[in-house]
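> With the sequence up front, the predicted model follows.
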There are 4 protein chains.
Amino acid sequence: MIVVLRQGTEAQERERLIDWLKGRGLEVWVAQREGQTALCVSGDVAAVDPRWLSSLEAVDSVRCSAEPFRRAGRGVHAQDTVVEIGGVKVGGGHFVMIAGPCSVETEEQIVAVAGAVKAAGAQLLRGGAFKPRTSPYTFQGRGADGLELLKTARAATGLPIVTEITDAAQLPLFEEVDVIQVGARNMQNFALLRELGRTRKPILLKRGLAATLKELLMSAEHIMAGGNGQIILCERGIRTFGDYTRNTLDLAAVPMLRELTHLPVIVDPSHATGIARLVRPMALAAAACGADGLMIEVHPDPGNALSDGAQSLRPEDYAALADEVRRIREVVAK
Amino acid sequence: MIVVLRQGTEAQERERLIDWLKGRGLEVWVAQREGQTALCVSGDVAAVDPRWLSSLEAVDSVRCSAEPFRRAGRGVHAQDTVVEIGGVKVGGGHFVMIAGPCSVETEEQIVAVAGAVKAAGAQLLRGGAFKPRTSPYTFQGRGADGLELLKTARAATGLPIVTEITDAAQLPLFEEVDVIQVGARNMQNFALLRELGRTRKPILLKRGLAATLKELLMSAEHIMAGGNGQIILCERGIRTFGDYTRNTLDLAAVPMLRELTHLPVIVDPSHATGIARLVRPMALAAAACGADGLMIEVHPDPGNALSDGAQSLRPEDYAALADEVRRIREVVAK
Amino acid sequence: MIVVLRQGTEAQERERLIDWLKGRGLEVWVAQREGQTALCVSGDVAAVDPRWLSSLEAVDSVRCSAEPFRRAGRGVHAQDTVVEIGGVKVGGGHFVMIAGPCSVETEEQIVAVAGAVKAAGAQLLRGGAFKPRTSPYTFQGRGADGLELLKTARAATGLPIVTEITDAAQLPLFEEVDVIQVGARNMQNFALLRELGRTRKPILLKRGLAATLKELLMSAEHIMAGGNGQIILCERGIRTFGDYTRNTLDLAAVPMLRELTHLPVIVDPSHATGIARLVRPMALAAAACGADGLMIEVHPDPGNALSDGAQSLRPEDYAALADEVRRIREVVAK
Amino acid sequence: MIVVLRQGTEAQERERLIDWLKGRGLEVWVAQREGQTALCVSGDVAAVDPRWLSSLEAVDSVRCSAEPFRRAGRGVHAQDTVVEIGGVKVGGGHFVMIAGPCSVETEEQIVAVAGAVKAAGAQLLRGGAFKPRTSPYTFQGRGADGLELLKTARAATGLPIVTEITDAAQLPLFEEVDVIQVGARNMQNFALLRELGRTRKPILLKRGLAATLKELLMSAEHIMAGGNGQIILCERGIRTFGDYTRNTLDLAAVPMLRELTHLPVIVDPSHATGIARLVRPMALAAAACGADGLMIEVHPDPGNALSDGAQSLRPEDYAALADEVRRIREVVAK
């Protein structure tokens, strides 16, 4: 840890700080660089809160280790980024409700769900056309055809559409898609991220199953390095030893990310838990801890969904949930 | 998965169900046992929601695997357990606010914090006297002496006290303690659990760093097997690969545990994150997803705390948080 | 668990087996399907070893859950697959030594390393041209140019070359590459796997950081479903809470995979540990537990490598290691 | 990272080193403390190998963060500790074979196993009398009675005995036990560790399911702080997301621990995998990567063992394995 001292700090004040640090069992070196003085501290520095140090009169800044987020970091861009999709805003105090089925199945299904989620207050329609599936022997999505059905549902309801891309070669098909989603399994498909950086489409970037927050933000950097800063991050559960839920929803990632980055952060409680009856409590929790939005799976007939039925809400349950989320937001926003 | 059919289900209905299951690629065996008929289903059963099956007319019950919770399970005791501590109730709709310093340091400190957290609405005072510390070379707590200071603070404020035991041999010292806490590292110290089962004290049982929900509940069973059913479970973060927080707070454990067990479930956002400024958002999230209470570290001077200062709130911040939690509870309880 | 009984098993024997299972606290249903009789067992079945049950006279087979490996599974293809690369065989008792630098840097570097590792007994040359890097701001590999340098090194030494692909669009460039590597981050890039399934090139498929063995094998199925069965699996460490090594090398995956699949399984101790001085012991351990080969990073000047210098061996250390591996293999193969 | 320069290093050499570090994108401060000069380096220091820096002429030492192992660390005690049990030595080149059943069941069983494993070359007999079990409803071990049976087996064979303690209160019963085992679940039962520090018995300390290497060594420090340095560390698998084995055996922990500490390190492949047929390959791997011994479960009739039958070897398989381990050791020791 390097504690850079403010120019003009008196020797006495410096000695007091050194003594306080030594009193915590730490080793202190007095260092110079380009006219600045700093205390280089080694030992079990975890015992010292860098925020507390930063707040001292004598301290200019504290560097634990350089955060490598050149474009996504708060340091370079303090204001919240607001992503705009049609008339819908995400971030900077604008909360977004995204809903729809895991997979686009038929025109009837997607148009019906779109209407139902719109009525319940959703602002964006989600639906998978290209589905990354662990097994090659299960339903892989309707592909290009599914994208057409999403557009039909958009035409019928006015809801902008969010759908997943699984390969850069599909990009021409996504020209009329409103938000391009990068799934958890492709979070480090850097070839794809680079191509998305060349588009000017909003990107919904999901956290990988074993991705650290640093890695998630570095994947955003891959897109931003190409000039596309319209990125929404999405926490959707990580892989742990947990026994009852599909993944472990890491909600503390929400306030932590909001501190590290200016990009909006939403939560997907459906994939995180894999269990429909846990979607409501976790959606409320996400709203309570400061998420910028929710992406939730809704299906008119979960028992017969071609994928992920066990984690889909019925439209009427989604409507009730959307109402509760609104009330939680009112408490938190105050 | 074993789908037990209701007595008197007609063959036609049974065949329809078998066909539906086969249509999902599953293998179905028709089985008999003690006069009952069941469908034994093998294959990728994860694709089928047992709740949905259970809701069918023809189905009596669905057994995925026997839940081994003989005393802690909802199956044997559907009603919420309400733990009573002095006049304070926990569970069954009663939300508890527990607060105090990580460690009891001095009489002045503990009495001051007790007064401050009581004024902010806390109902129980926490404070560590016997501290399990990774290193033998750091402050290990004030021991028996610390228990006396806690009693002094109780006398001054009327707040019942919660404090951690680390060895069964300390039990005589805990006779006047109101709630005995078992820390994460001792969750599977079965010798200790057995002794606590013989007491009639309320027990606050924290989830181990790598404990599954099943293991947490089995540890509760160890206590309950001795006749002590006054147990409060506590989610406090699990160990993962996460990079910015000390642990990963598994909030989905809250609704999941509430479904599996009748015991109350509270959350400790201080240890879960290790970062004071994440305590507020995670406390609100815990309240939003249905926790029965919160245990939060509060210290009058976090920068000089003998342990865990980096995760402690100042009393004034705790007071503001307690107010927000109350308002979240009003939304959720409706 | 479904215990299918052998046709013609006598009632008495069946009852003895039922009693044994009940004695373990399990619930037993007698089931019929397509003329076969089975015992459907529920409860804590983990207490019973399915292998032991399978070995009984009365038992035809035991199904815990259907293994979904249609092409990669031992069940459908009992014999070891032998992958052939030029004259080099991998699997079925043929052990392969793959070595080279993390990244191809210059012609001088790659030709020198190729010569050195060949002299030490390596049969294949590895070297990255397209590098997937967490940060967009670090060296991303020499790309197409790097592939040419690899071919130069092959021409100079006769060693077939192994190098990583990061996007299906690069495939035309890989026409003269001997083995195409899929890195850990792309293990579930299904679009890429599908295209590789259409080639007839040997594929080196690395396990993802948080991939289960089932997922690794399902990714192999994605390739095999396209008709390409020339796949070498590679264990390279998984992500855990570990504190001293970059990843946790899961060596038990080696014998477990060899039981589940007929595909060869090799180990990459360089990426697994990230520490050059752990490469030797983990390479020896991999050879001892039955791996079909080793992929090891070698660099003539690790201190100045453009990537992963900290985990690279010097050529002379690799030569000494290769010799020890050979002697371990002699003990194990007996 | 603090790079302490050797006294008398010339300015030119210092500048060259500073330039090299800056060339890697790092920030360098020149610091003074107690007459010494150091370079304090911040930024992405992971890119620089501290070992490589340490090897430079100009560098006295490199401090990444202070290792807090005051008694267990190599820094304070470079020579391997050799633990002596009866005539059996462990560590410092002495390899130990420990074997026996998971639980002591009957006199007949334990005496028979003891004879069989002795014949196969085991030097110590293991057997559980106090069993920590997740469930309170399964066999908890024979307790004090089991210790007597172990002594009978010792008398019959001459093998010193290793058995687990689960509570400090049991210590008087362990007076004639040769090695006291601390199980994974009690690795951070500090009250117990403290009491063991007061004895002069050899302690076998198993790594906790989610314990880092630092935590394991700090638990050894708890024992050593009491004056007992006779400690054998044991890697026995950690908890991960793995799907086929009970735990994930972290074999890289063996060479890493041997670098960090002078205490001997053995491996328990039985608990690590939970599968008898993986014990052989993982035992060989452990021997190959430098472990100081193996603890393996052996049972004459695994199918009917009261605990952990699925992971026990038959005596004849153990004998064959012991022979292979010996041959692996011959290769590695050279």
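All right, it came through fine. Residues are numbered from 1 along each chain as shown, chains lettered A, B, ... in the order given.

> does any bit of the helix or strand of chain A with the lowest mean pLDDT sit next to chain D?
Least confident helix or strand of chain A, by mean pLDDT, DSSP states H and E, is helix A:50-54 with a mean of 75. No. Using C-beta under 8 Å from any C-beta of the partner chain, helix A:50-54 never reaches chain D; the gap is at least 12.6 Å. C-beta: built from backbone N, CA, C; applies to glycine.

> got the residues of the stretch 51-200 of chain A near chain C?
Residues of the stretch 51-200 of chain A lying near chain C (C-beta under 8 Å from any C-beta): A:68, A:70, A:132-137, A:166-170, A:185-186, A:188-192, A:194.

> List buried residues within those.
With burial judged by 16 or more other C-beta atoms under 10 Å in any protein chain shown, the buried subset of these is A:68, A:132-136, A:166-168, A:170, A:185-186, A:188-192, A:194.

> so of the residues you listed, which ones are in strands?
Using DSSP state E, no member of these sits in strands.

> can you narrow these to ones near chain B?
Answer for these near chain B: none qualify (C-beta under 8 Å from any C-beta).

> rewinding a little: the helix or strand just after the least confident helix or strand of chain A pairs with which strands, parallel or anti?
Scanning forward in sequence from helix A:50-54 by DSSP states H and E, the next helix or strand is strand A:59-63. Counting by DSSP bridges, the strands paired with strand A:59-63 are strand A:2-5 (antiparallel).

> for the stretch 151-300 of chain A, what spans make up the helices?
A:190-198, A:213-224, A:253-260, A:269-273, A:276-288 (DSSP state H, counting those that start in this stretch).

> near chain B at all, the fourth one?
Yes. Where contact is defined by C-beta under 8 Å from any C-beta, part of helix A:269-273 touches chain B, namely A:272-273.

> what sits against A:Thr248?
Counting by C-beta atoms under 8 Å, 6 or more residues apart in numbering or on different chains, A:Thr248 touches A:237-240, A:242, A:272, B:238, B:240, B:248, B:250, B:252.

> Scan these and report the most crowded one.
Of those, B:Ala252 is surrounded by the most neighbours, 30 neighbours in total, counting by other C-beta atoms under 10 Å in any protein chain shown.

> Was I right to think that one contacts A:Ala272?
Yes. At 7.0 Å, B:Ala252 counts as touching A:Ala272 under the criterion of C-beta atoms under 8 Å.

> Overlap in contacts, the two.
A:245, A:248-249, A:282.

> Let me have these in TSV, adding pLDDT and distance to A:Thr9 as columns.
Output for the shared contacts of B:Ala252 and A:Ala272, formatted as TSV (pLDDT from 0 to 100; distance: C-beta to C-beta, whole Å):
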residue	pLDDT	distance to A:Thr9
A:Thr245	89	51
A:Thr248	97	45
A:Leu249	97	45
A:Met282	98	47
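
> Include distance to C:Thr157 when you put the residues you listed into CSV, please.
Below are the shared contacts of B:Ala252 and A:Ala272 laid out as CSV (distance: C-beta to C-beta, whole Å):
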residue, distance to C:Thr157
A:Thr245, 52
A:Thr248, 48
A:Leu249, 51
A:Met282, 56
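
> Drop anything exposed from those.
Applying 16+ other C-beta under 10 Å to those flags A:245, A:248-249, A:282 as buried.

> With the flanking residues excluded, which residue is spatially nearest to A:Leu39?
Once flanking residues are discounted, A:Leu39 sits nearest to A:Val3: 4.4 Å by C-beta to C-beta, 6 or more residues apart in numbering or on different chains.

> show me the contacts for the one you found.
Residues near A:Val3 by C-beta under 8 Å, 6+ apart: A:17, A:38-41, A:53, A:59, A:62.

> next one: A:Thr152
A:107, A:110-111.

> Next: A:Ile231.
A:72, A:81, A:83, A:202-205, A:220, A:223-224, A:263.

> Please flag which of these sit within strands.
Among these, the residues falling in strands (DSSP E) are A:83, A:203-205.

> Can you tell me which of the residues you listed has the most neighbours?
Neighbour tally across these (other C-beta under 10 Å): the maximum, 29 neighbours, falls on A:Leu204.

> What is the end-to-end distance of stretch A:183-197?
One end of stretch A:183-197 sits 16 Å from the other (C-alpha to C-alpha, to the nearest Å).

> Closest to chain D out of the ones in strands among the contacts of A:Ile231?
A:Leu205 (22.3 Å; C-beta to the nearest C-beta).

> is it true that that closest one touches A:Ala220?
Yes. In this structure, A:Leu205 is within contact of A:Ala220 by C-beta under 8 Å, at 5.9 Å.

> what is in contact with these two at once?
Common neighbours of A:Leu205 and A:Ala220 (C-beta under 8 Å, 6+ apart) are A:231, A:233.

> Low-confidence regions, the stretch 151-300 of chain A specifically.
Nowhere does the stretch 151-300 of chain A drop to pLDDT under 70.

> and which of the contacts of A:Ile231 is nearest to A:Arg33?
Minimum separation from A:Arg33 among the contacts of A:Ile231 (C-beta to C-beta) is found for A:Ala72, which lies at 26.8 Å.

> And the closest one, how close does it get to chain C?
Separation of A:Ala72 from chain C (C-beta to the nearest C-beta, to the nearest Å): 11 Å.

> Could you pull up the residues touching A:Ile234?
I think there's a mix-up here, since residue A:234 is Cys and not Ile. Residues near A:Cys234 by C-beta under 8 Å, 6+ apart: A:204-207, A:265-268, A:295.

> Redo those residues as JSON lines? Include distance to chain D.
Listed next are those as JSON lines, based on distance: C-beta to the nearest C-beta, whole Å:
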{"residue": "A:Leu204", "distance to chain D": "25"}
{"residue": "A:Leu205", "distance to chain D": "22"}
{"residue": "A:Lys206", "distance to chain D": "18"}
{"residue": "A:Arg207", "distance to chain D": "16"}
{"residue": "A:Val265", "distance to chain D": "24"}
{"residue": "A:Ile266", "distance to chain D": "25"}
{"residue": "A:Val267", "distance to chain D": "21"}
{"residue": "A:Asp268", "distance to chain D": "19"}
{"residue": "A:Met295", "distance to chain D": "24"}
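
> now, which of these sits nearest chain B?
For those, the minimum distance to chain B (C-beta to the nearest C-beta) is 10.2 Å, reached by A:Val267.

> Just give me the neighbour total for the closest one.
28.

> Excluding chain neighbours, what is closest to it?
Spatial nearest neighbour of A:Val267, chain neighbours left out: A:Ala286 (3.8 Å); criterion: C-beta to C-beta, 6+ apart.
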